[in-house]
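> Sharing a model prediction with you, sequence too.
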Amino acid sequence: MKTKRETYALLEQINLYYEQFQITQQKIDSWHEVLLDFSYEKLQRNLLKYVTYSSFPPKICDLISASDRISRAIPDVTETYAQLMNDQPPANKEVIKTELANICNILGIQREDENGEL
């Protein structure tokens, strides 16, 4: 966004869709600072997509396209399969036992060992 006028126009459009969204000078300034590197047209397109599925006003991260931010997408079947088949050997029994003991300790779970002792 090159100008604060564009930032204001975007915030005004959000206000049209979401009555509870308040525009203040502080919000204009802070949004403008964060959105300097993004184009108004792209943010507006993303807003139009966003309003079709959310009843809550967007945050800045909701308006930045997926290609512009770090992906937190869930992998599909092929990506999951590729991760599972990456030829890493499974952990040995000692590592598994140690990690289970750590988890139990964190959760406050007492487990009996092979001898029936806690």
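All right, it came through fine. Residues are numbered from 1 along each chain as shown.

> contacting residues around E99?
By CB atoms under 8 Å, 6 or more residues apart in numbering, the residues touching E99 are A91. Every C-beta, even on glycine, is put in place using the N, C-alpha and C of the backbone.

> Can you list phi and psi of it for me?
Here is the backbone geometry of E99 (degrees, to the nearest 10): phi -70, psi -40.

> and what of the one 10 residues further on?
Reported as degrees, to the nearest 10, the phi and psi values for I109 are phi -100, psi 130.

> With E79 as the reference, measure out to it.
Per CB to CB, to the nearest Å, I109 is found 33 Å from E79.

> Check E19 too.
Computed with CB to CB, the distance linking E19 and E79 is 40 Å.

> Neighbour count: those two, which is higher?
The neighbour comparison of E19 against E79 (other CB atoms under 10 Å) goes to E79, with 11 against 8.

> So that one, which state does it fall into?
Three-state assignment for E79 (DSSP: H, G, I helix; E, B strand; the rest coil): helix.

> That one and N86: what is the separation?
Distance from E79 to N86, by CB to CB: 11 Å.

> which SS state does the residue nearest to A101 when sequence neighbours are not counted fall under?
Using CB to CB, 6 or more residues apart in numbering and skipping residues adjacent in sequence, the residue nearest A101 is R111, 7.9 Å away. With three-state DSSP as the basis, R111 sits in coil.

> so R111 touches C104, yeah?
Yes - R111 lies in contact with C104 (CB atoms under 8 Å); the separation is 5.5 Å.

> downstream neighbour of whichever strand or helix holds N46 in the secondary structure list?
Using DSSP states H and E, the element containing N46 is helix 40-50. Sequence-wise, the next helix or strand downstream of helix 40-50 (DSSP H and E) is helix 60-63.

> Remind me what that following helix packs against, helices and strands.
Applying 3 or more CB pairs under 8 Å, 6 or more residues apart in numbering; DSSP states H and E, one finds that helix 60-63 contacts helix 40-50.

> residue ranges with poor pLDDT in this protein?
66-73, 87-88, 113-118 (pLDDT under 70).
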